[in-house]
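Peer 1: Here's a sequence, model it:
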Amino acid sequence: MENKRVLLAIILSALVVFVYSTYFMPTPPQVSQQPTTTTETELSKEAIKTQETVADRPSKQAASQEVTLIKAEESSIDLSKFKAVFSSQGGGGLKSFELKEYRAELDEKSPYVNRVNIGAGDPLPLSLSFIGKDINLSNNDVFSIKEKGSNKLVYEWSNGEGVTFEKSYTFQPDDYKIDIHIRVINASGKTLEGSLGLSLFERYEDKERSKYDIWRVITRTETDLDTVDFDDLKKEKDIKEGNIRWIGLEDKYFITAILPEETMAGTVRSRSEKNSLIATTLEMNLSVDSGSEKLIKYSVYSGPKELNILKSVGKGLEEAIDLGFFHAIAEPLLRFLKFIYSYVGNYGYAIIVVTLIIKLLFFPLANKSYKSMSEMKKLQPQMTELKEKYKDNKERMSKEVMALYKKNRVNPLSGCLPMVLQIPVFIALYNVLLNGIELRHTPFHFWIVDLSTKDPYYITPIVMGATMFLQQKMSPSVPDATQQKVMMLMPVVFTFMFMNLPSGLVLYWVVNNILSITQQYYIMKRTT
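Peer 2: Below you'll find the model as predicted:
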């Protein structure tokens with residue numbers, strides 16, 4: 001009975017993680033890393049459709065305003081972390097944003113990861129809009145360039161009647177974060193009121209993808225962290241109101257986020273527009289008295305979901321890394337993994353070392369569990385005899401078994417509880433290895449060229465299944481024949497379950513199994 005519980009505890013800990021990741025984690029659509037760029041086009045200030053918030057409300061643009069054609073102008077910024085192309089369309093909308101330290105594919109000659117993924121005619125990420133009583137500034141409207149330098153871009157738009165929108169970008173030489181200042185100047189003779197919006201856009205396609213990838217809108221308010229999968233936005237739009245810390249579009253390893261300098265009372269509108277275009281807009285109510293101006297400050301981060309970098313950005317942006325329910329355990333484990341890597345220089349070896357250290361820390365608990373298993377194994381013949389003797393009287397059989405436990409001072413739960421206590425650590429490390437960008441495109445040895453993807457030859461899952469089978473053979477057998485068959489089938493089931501998991505995660509499981517077998521053999525040998 002005790003042996004069955006111990007084995008079930010081990011199986012349950014893995015099964016909980018697998019079922020959660022398979023059936024409860026979102027299955028998002030895959031996004032191509034390469035943008036579909038457009039050539040310079042002449043854009044009509046009134047003829048181009050703006051974002052949904054404008055489309056939902058009647059246009060109030062003055063009828064007397066003439067339709068003019070303005071050509072969008074592009075500006076390139078090339079720094080150590082990224083190379084970006086900004087357009088005067090939308091007041092510095094992004095045409096391209098390449099991360100120079102990350103390749104789109106494993107091949108070192110592949111293009112850089114591009115955080116802009118849009119199609120021809122799409123509005124641009126970071127485009128500015130304003131919806132007011134007398135002014136509708138579309139996110140497709142074209143600004144003039146007021147200032148252009150290696151570390152600063154300034155765009156300007158005026159309605160010709162005293163209202164001016166000025167949008168400036170300030171870049172740091174070695175940083176993914178960009179400062180955005182929006183200055184609204186009102187010299188019109190009347191109060192300017194309306195909704196100011198800063199938007200992100202991303203196109204996605206319905207392709208075959210891994211269920212372990214994520215593609216979603218993420219919003220951090222003062223009280224909640226909320227995510228909406230791209231697929232869900234195809235069904236209905238999402239609107240959130242509150243005090244906004246930041247919003248973003250993210251995939252498994254990268255995020256583009258807009259962060260107001262101060263927590264902003266505003267609205268976040270997310271939607272899926274035609275042609276599979278995801279849009280999310282951070283809106284705030286704006287009122288500028290005649291003869292005055294207002295300055296609104298943001299920062300934008302577009303880069304890797306790496307813990308230390310996101311921490312340096314602030315605003316709790318590191319919460320974008322999905323470390324699961326046991327985040328408080330997972331974050332120290334991630335930091336410890338990075339610490340070990342700084343010495344061994346390979347994340348495969350770092351995983352092995354971390355697994356060994358965790359095993360040593362839990363040695364007293366495991367020692368107690370294996371000793372209990374050994375004691376139970378000694379009682380196995382007597383238990384079998386009792387079950388055969390009282391097979392027609394279940395109540396009497398239970399009493400006799402418990403009496404046997406008491407006589408030999410054996411606690412039926414003493415072997416199970418130590419296993420259960422290790423489950424949170426296992427799940428935490430599972431999420432670290434599943435979602436950490438540290439393993440992306442990281443090789444180990446021989447056939448394992450990327451620890452973040454599945455084993456291409458399924459060698460590690462097969463070894464994992466074999467070690468699990470060996471563990472079962474070393475454990476006391478379960479008396480019931482049906483249960484024996486189920487237990488013997490579990491290694492096969494788990495082998496198939498682990499075939500599509502990241503090889504770094506399977507490596508951890510294999511090493512953990514080998515260490516457990518060694519420990520179990522040593523302890524049971526001593527107590528025999």
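Peer 1: Grab the nearest non-local neighbour of Ala257.
Peer 2: Gly248 (3.4 Å; Cβ to Cβ, 6 or more residues apart in numbering). C-beta coordinates here come from the backbone N, C-alpha and C atoms, glycine included.
Peer 1: I misspoke; the intended subject was Asp213.
Peer 2: Nearest one to Asp213, counting by Cβ to Cβ, 6+ apart, is Lys252 at 5.1 Å.
Peer 1: Now tell me what touches stretch 393-404 from outside.
Peer 2: Residues outside stretch 393-404 that contact it (Cβ atoms under 8 Å, 6 or more residues apart in numbering) are 1, 379, 382-383, 386-387, 389-391, 410.
Peer 1: Just to be careful, could you list which of those residues are in helices?
Peer 2: 379, 382-383, 386-387, 389 (DSSP state H).
Peer 1: buried subset of these?
Peer 2: Buried members of the ones in helices among the contacts of stretch 393-404, scored by 16 or more other Cβ atoms under 10 Å, are 379, 383, 386-387.
Peer 1: With distance to Met464 added, can I get the ones in helices among the contacts of stretch 393-404 in JSON lines?
Peer 2: Shown next, in JSON lines, are the ones in helices among the contacts of stretch 393-404 (distance: Cβ to Cβ, whole Å):
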{"residue": "Leu379", "distance to Met464": "31"}
{"residue": "Gln382", "distance to Met464": "35"}
{"residue": "Met383", "distance to Met464": "31"}
{"residue": "Leu386", "distance to Met464": "36"}
{"residue": "Lys387", "distance to Met464": "33"}
{"residue": "Lys389", "distance to Met464": "40"}
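Peer 1: now for those, which pair is the farthest apart?
Peer 2: Pairwise distances across the ones in helices among the contacts of stretch 393-404 peak at 14.7 Å for Leu379 and Lys389 (criterion: Cβ to Cβ).
Peer 1: which one of the ones in helices among the contacts of stretch 393-404 sits closest to Phe426?
Peer 2: Nearest to Phe426 out of those is Leu379 (Cβ to Cβ; 29.0 Å).
Peer 1: The closest one and Asn393: what is the separation?
Peer 2: 20 Å (Cβ to Cβ, to the nearest Å).
Peer 1: Would you mind listing the buried residues in stretch 135-152?
Peer 2: Quick answer for stretch 135-152 (16+ other Cβ under 10 Å): 135-143.
Peer 1: looking at this protein, which helix or strand is least sure?
Peer 2: In the chain, no helix or strand scores lower on mean pLDDT, DSSP states H and E than strand 42-44, which sits at a mean of 35.
Peer 1: Provide a list of residues in contact with the spatially most distant residue from the centre of the chain.
Peer 2: Residue farthest from the centre of the chain, counting by Cα atoms, centre = their mean, is Lys389 at 56.4 Å. Applying Cβ under 8 Å, 6+ apart, we find Lys389 in contact with 397, 400.
Peer 1: For Asp231, give me the pLDDT.
Peer 2: For Asp231, the pLDDT comes out at 86.
Peer 1: Tell me how far it lies from Arg115.
Peer 2: 21 Å.
Peer 1: Likewise for Tyr169?
Peer 2: 15 Å.
Peer 1: How about Ser150?
Peer 2: Here the criterion is Cβ to Cβ. By it, Ser150 lies 21 Å from Arg115.
Peer 1: so where's the stretch 401-528 of the chain uncertain?
Peer 2: 411-419, 475-484, 524, 526-528 (pLDDT under 70).
Peer 1: need the helices for it, in chain order.
Peer 2: 416-421, 423-435, 459-474, 481-497, 503-527 (DSSP state H, counting those that start in this stretch).
Peer 1: quick one: what helix or strand has Gln168 in it?
Peer 2: No, residue 168 isn't Gln; it's Ser. strand 163-171 (DSSP states H and E).
Peer 1: hmm, back to that, looking at Asp231 and Arg115, which is more packed in?
Peer 2: Arg115 (26 against 16; other Cβ atoms under 10 Å).
Peer 1: ok so, going back, flag whichever of the contacts of stretch 393-404 scores worst on pLDDT.
Peer 2: Met1 (44).
Peer 1: quick one: low-confidence parts of the stretch 1-150 of the chain?
Peer 2: Scanning the stretch 1-150 of the chain for pLDDT under 70 picks out 1-69.
Peer 1: Following element in sequence after the host helix or strand of Ser342, please.
Peer 2: Element membership for Ser342 (DSSP H and E) is helix 327-344. Note on helix 327-344: by DSSP H and E, the next helix or strand toward the C-terminus is helix 347-361.
Peer 1: what packs against that next one?
Peer 2: helix 327-344, helix 423-435, helix 503-527 (3 or more Cβ pairs under 8 Å, 6 or more residues apart in numbering; DSSP states H and E).
Peer 1: need the contact list for the residue nearest to Leu323 when sequence neighbours are not counted.
Peer 2: Excluding the flanking residues, the one nearest Leu323 by Cβ to Cβ, 6+ apart is Ala330, at 3.8 Å. By Cβ under 8 Å, 6+ apart, the contact list for Ala330 reads 323-324, 428-429, 431-432.
Peer 1: quick one: Ala330 from Arg271, how far?
Peer 2: For Ala330 relative to Arg271 (Cβ to Cβ), the value is 32 Å.
Peer 1: just Ala328 next, same as before
Peer 2: Ala328 is 34 Å from Arg271, by Cβ to Cβ.
Peer 1: okay, those two: which has more neighbours?
Peer 2: Comparing Ala328 with Arg271 by other Cβ under 10 Å, the one with more neighbours is Arg271, at 20 against 10.
Peer 1: returning to that earlier point: so can I have TSV of the contacts of stretch 393-404 showing distance to Glu73?
Peer 2: Shown next, in TSV, are these (distance: Cβ to Cβ, whole Å):
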residue	distance to Glu73
Met1	77
Leu379	83
Gln382	88
Met383	83
Leu386	88
Lys387	85
Lys389	92
Tyr390	90
Lys391	88
Val410	81
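Peer 1: Would you point out the most distant pair within those residues?
Peer 2: By the measure Cβ to Cβ, Lys391 and Val410 form the most distant pair in those, at 21.8 Å.
Peer 1: The two - which one has more neighbours?
Peer 2: Counted by other Cβ under 10 Å, Lys391 and Val410 do not tie: Val410 has more neighbours, with 16 against 9.
Peer 1: At which residues are the helices of the stretch 51-200 of the chain located?
Peer 2: 52-55.
Peer 1: Please enumerate the strands of it.
Peer 2: 69-71, 74-78, 82-87, 93-103, 112-114, 128-132, 136-137, 144-148, 152-158, 163-171, 177-186, 192-203 (DSSP state E, counting those that start in this stretch).
Peer 1: what's the angle from the fourth one to strand 177-186?
Peer 2: It refers to strand 93-103. 170 degrees (axes from the mean of the first three to the mean of the last three Cα atoms, to 10 degrees).
Peer 1: And for the last one?
Peer 2: Strand 192-203 and strand 177-186 are oriented at 150 degrees to each other (the same axes, to 10 degrees).
Peer 1: Tell me the helices and strands packed up against strand 192-203.
Peer 2: Judged by 3+ Cβ pairs under 8 Å, 6+ apart, strand 192-203 is in contact with strand 128-132, strand 177-186, strand 238-251, strand 254-260, strand 277-288.
Peer 1: could the ones you listed go into CSV alongside distance to Gln471?
Peer 2: Output for those, formatted as CSV (distance: least, Cβ to Cβ, whole Å):
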stretch, distance to Gln471
strand 128-132, 60
strand 177-186, 48
strand 238-251, 37
strand 254-260, 39
strand 277-288, 46
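Peer 1: right, so of these, which gets closest to Ser342?
Peer 2: Proximity to Ser342, assessed across the helices and strands packed on strand 192-203 by Cβ to Cβ, is greatest for strand 254-260 (23.0 Å).
Peer 1: What residues of stretch 443-462 count as buried?
Peer 2: Applying 16+ other Cβ under 10 Å to stretch 443-462 flags 444, 448, 450-455, 458, 460-462 as buried.
Peer 1: Cool, thanks, talk later.
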